[in-house]
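Trainee: Predicted model and sequence follow; I will ask about them next.
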Amino acid sequence: KVYSFSSNGKTMLPNGFTYVPFSSHHGSDTILVKVSDGVNSIEKKLFITIQPGLPHGIIEPSQIICINQTPAPISGPVPIGNGSLFACQWETAGIDDSLNFKKAPGTNDAQAYSALPLNNHTWFRRIIRSGICSDTSSAIKITVIQNGLWLGKTNNHWNNSQNWCNHFVPDNTTDVRVHASSMYYPAIEDTASCHHLMIADKAYLNITGELKISGDIYPSSGSIRADKGSLVFTGNTKQTISGNSFNNHLLHNLVIENREGTAICDSLLLSGTLLLYNGSVTTNNQLHLQTNAVIGPSASGTSIKGNISLEHKIRGGRRCFWLLGHPFNTDTGLQLINKYIDITGDGGQLNGFTSTATNQPSAFRHDPITGNDTLGVDAGWIPFTHTNGRQENAWKKHSGIRLMMRGKPGQGLDGTPAGNGQYGTYLPEPVILKASGPVNTGDQEITVQKGKYAGYNVIANPYPSPINLSLITRAGNIGMHYWIWNPQQGKMGG
């Protein structure tokens, strides 16, 4: 390539001329310089020796240490290329800024560097020089923690001070860090507390007791094992719960004590109890109560925002009627559960039911007004004619329905009698119903009706939790007696 310029002065400076060899070119190169005044000329050759560049160096490891502790040695790979003569220089800085780096104290010209005890966050980097070439590594940070760093040198007991940096057991203002390099990983068997909780990849926290957390959780996926433990959220600003933080997304008890509220951001399975002592929980439709899970007594002014998914197990072993209700604050339809259990009725599949040879109804609602004899509780049962929940086919809130339990889908539809599975019978298998919706909270007022005769009403438990019937307030015209349906009694329940 030819590059030319002109000048009227005694001195010529080739401004704008830069020589850059191709990245794959090594060895030598030549530049021919020719100077001419139009009549006379002279040529000079410049011989250039090209040294191969140094690969970008990487040093490790980044570390988190207790204050006044000596970090592990920092090292990088043995330099390669560009001959065999290399010089190393380690530098340090209090902030990650190239203008603030200076020579590191101690022996700072070896391939690896052993730092002195540190009492502040510190950055390190390594410069390698060979001939006229040099390379500066990316800086790494040694994070220095005064309190809250789990060391785990003695055992896995959270409340043992010997396991913590500075022998300080965390309180609700302490940010806690758990790293995979610990000999033991922490376990909470009683009560513990912290502010933020950070758990590194491949580390974990086991909770069988109770952890009160006033900040946020920054764990690796599944690093909290709390299927038998409780988490209490006690912050003063809105907190977030990620179901992905928990092993198998499973938590036993969840307690909300945050007046600013708590939000669930992905699927969380609860096997125990949800309690609200202060504030609200926003489910984002991500909270799932397993079969035995409940919502416990909640304080006045608390609330649940969003849908909750529920499971309810219907025991197997016999073909019988069950009385069922739902805990949602709106009316719904049988389509809520018909993919988990066969529900039959007039019109079969055309009306959303499972079709059979007879299409005999298996789901009924109770109307106390239509009872026409003294046994109104029997005469008042009216079959559902569709699963869509519209008009008279609505499964109303606070109301119970009567549903035939044949077993899992497909069982008992062909006329085979139920039994123990022998001698031409089938054994009804248990069924788990799943439903989702906005649940009832707070006081519920239920209006009952009386027809010409007994005036029985089938009332469902309005909550996804046990209730104490002795605490129910009754109006003056309501009797004090109630009956509980037992599907295991008699031939088909009683």
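Mentor: Structure received.
Trainee: show me where pLDDT drops low in the stretch 201-350 of the chain?
Mentor: Across the stretch 201-350 of the chain, nothing is flagged by pLDDT under 70.
Trainee: And the contacts of stretch 484-494?
Mentor: 315, 318-323, 405 (CB atoms under 8 Å, 6 or more residues apart in numbering). All C-beta atoms are positioned from the backbone trio N, CA, C, and that covers glycine.
Trainee: Compute the first-to-last residue distance for it.
Mentor: 9 Å (CA to CA, to the nearest Å).
Trainee: One more: stretch 49-64?
Mentor: Stretch 49-64: ends 45 Å apart by CA to CA.
Trainee: List the contacts of it.
Mentor: Residues contacting stretch 49-64 (CB under 8 Å, 6+ apart): 21, 23, 25-29, 71-72, 74-77, 79-83, 124-126, 128, 130-138, 140-145, 149, 177, 179.
Trainee: repeat that with 6 Å
Mentor: 21, 26, 28, 71, 74, 76, 81-82, 126, 128, 131, 133, 135, 137, 140-143 (CB atoms under 6 Å, 6 or more residues apart in numbering).
Trainee: Which helix or strand lies directly C-terminal to the one helix or strand residue 193 maps to?
Mentor: Assessed by DSSP states H and E, residue 193 sits inside strand 191-194. Downstream of strand 191-194, the first helix or strand assigned by DSSP H and E is strand 197-199.
Trainee: For that following strand, list every residue counted as buried.
Mentor: Residues of strand 197-199 classed as buried by neighbour count (16 or more other CB atoms under 10 Å): 197-199.
Trainee: same check, this time on stretch 336-347
Mentor: Buried residues in stretch 336-347 (16+ other CB under 10 Å): 336-338, 340-345.
Trainee: In strands, which of the contacts of stretch 49-64 fall?
Mentor: 28, 74, 126, 128, 133, 135, 140-143 (DSSP state E).
Trainee: right, and out of those residues, which lies closest to residue 263?
Mentor: Proximity of the ones in strands among the contacts of stretch 49-64 to residue 263 (CB to CB) peaks at residue 143, which lies at 29.0 Å.
Trainee: and the gap between that closest one and residue 175?
Mentor: For residue 143, the distance to residue 175 (CB to CB, to the nearest Å) stands at 11 Å.
Trainee: ditto for residue 126
Mentor: Taking CB to CB, one finds residue 126 at 30 Å from residue 175.
Trainee: Who has more neighbours out of those two?
Mentor: residue 126 (27 against 17; other CB atoms under 10 Å).
Trainee: Next one: the more buried one relative to residue 19, how far apart?
Mentor: 29 Å.
Trainee: Kindly report the same for residue 475.
Mentor: 99 Å.
Trainee: which residues touch residue 194?
Mentor: Counted by CB under 6 Å, 6+ apart, residue 194 has contacts 170, 174, 176, 213.
Trainee: Just the buried residues from the contacts of stretch 49-64, in PyMOL please.
Mentor: Buried residues within the contacts of stretch 49-64, by 16+ other CB under 10 Å, are selected in PyMOL with:
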select buried, resi 71+74+76+82+126+128+135+137+140+142
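Trainee: Can you give me the distance of the closest residue in space to residue 171 that isn't next to it in sequence to residue 277?
Mentor: Nearest residue to residue 171 in three dimensions, chain neighbours excluded: residue 193, at 5.8 Å (CB to CB, 6 or more residues apart in numbering). Noted for residue 193: a distance of 15 Å to residue 277, by CB to CB.
Trainee: Could you check which of those two has the larger neighbour count?
Mentor: Ranked by neighbour count (other CB under 10 Å), residue 193 and residue 277 place residue 193 first, with 20 against 16.
Trainee: Verify the stated contact: the more buried one with residue 174.
Mentor: No - contact between residue 193 and residue 174 fails when scored by CB atoms under 6 Å: they sit 8.1 Å apart.
Trainee: could you show me where the helices are in the stretch 251-400 of the chain, in order?
Mentor: 376-379 (DSSP state H, counting those that start in this stretch).
Trainee: Show the residue spans covered by the strands in it.
Mentor: 262-266, 268-270, 273-278, 280-282, 287-289, 294-295, 303-305, 308-314, 320-324, 363-366, 381-383 (DSSP state E, counting those that start in this stretch).
Trainee: okay, those, which one's buried deepest?
Mentor: strand 287-289 (a mean of 24; mean count of other CB atoms under 10 Å).
Trainee: tell me what it is packed against?
Mentor: Under the contact definition 3 or more CB pairs under 6 Å, 6 or more residues apart in numbering; DSSP states H and E, strand 287-289 sits against strand 268-270, strand 308-314.
Trainee: List phi and psi for residue 293.
Mentor: Main-chain torsions, residue 293, degrees, to the nearest 10: phi -80, psi 150.
Trainee: Tell me who's in contact with it.
Mentor: Neighbours of residue 293 in contact, by CB under 6 Å, 6+ apart: 270-272.
Trainee: got those as a markdown table, with distance to residue 106 columns?
Mentor: Shown next, in a markdown table, are the contacts of residue 293 (distance: CB to CB, whole Å):
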| residue | distance to residue 106 |
| --- | --- |
| 270 | 54 |
| 271 | 54 |
| 272 | 55 |
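Trainee: from these, which is closest to residue 188?
Mentor: residue 272 (15.6 Å).
Trainee: my read: that closest one touches residue 253, true?
Mentor: Yes - in this structure, residue 272 is within contact of residue 253 by CB under 6 Å, at 4.2 Å.
Trainee: Now do the shared contacts for these two.
Mentor: By CB under 6 Å, 6+ apart, no residue touches both residue 272 and residue 253.
Trainee: circling back: okay if I get the strands of the stretch 251-400 of the chain as a markdown table plus distance to residue 164?
Mentor: Formatted as a markdown table, the strands of the stretch 251-400 of the chain follow (distance: least, CB to CB, whole Å):
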| stretch | distance to residue 164 |
| --- | --- |
| strand 262-266 | 27 |
| strand 268-270 | 29 |
| strand 273-278 | 29 |
| strand 280-282 | 31 |
| strand 287-289 | 33 |
| strand 294-295 | 36 |
| strand 303-305 | 36 |
| strand 308-314 | 38 |
| strand 320-324 | 51 |
| strand 363-366 | 59 |
| strand 381-383 | 65 |
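Trainee: With residue 436 as the reference, name the closest of these.
Mentor: strand 308-314 (4.2 Å).
Trainee: With only the CA atoms kept, save that closest one in CSV.
Mentor: Extracted as CSV, the C-alpha positions of strand 308-314 are listed here (Å, rounded to 0.1, in the frame of the first residue of the first chain):
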residue,chain,number,x,y,z
ILE,A,308,-54.9,-19.3,45.2
SER,A,309,-54.8,-22.9,43.9
LEU,A,310,-56.1,-25.6,46.3
GLU,A,311,-56.0,-29.4,46.5
HIS,A,312,-58.6,-31.5,48.2
LYS,A,313,-58.3,-35.3,48.5
ILE,A,314,-61.3,-37.5,48.3
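Trainee: got the angle for it vs strand 273-278?
Mentor: Counting by axes from the mean of the first three to the mean of the last three CA atoms, to 10 degrees, strand 308-314 lies at 150 degrees to strand 273-278.
Trainee: Make 116 the starting number, not 1.
Mentor: Sounds good: first residue 116 from here, last item strand 423-429.
Trainee: which residues touch strand 423-429?
Mentor: So strand 423-429 is contacted by 398, 402-406, 520, 546-551, 554, 579 (CB under 6 Å, 6+ apart).
Trainee: Partner strands of that strand and their direction?
Mentor: strand 402-404 (parallel), strand 546-552 (antiparallel) (DSSP bridges).
Trainee: Of all those strands, which one is nearest residue 217?
Mentor: strand 402-404 (53.7 Å).
Trainee: and the closest one, how far from the chain's centre?
Mentor: 13 Å (CA atoms, centre = their mean, to the nearest Å).
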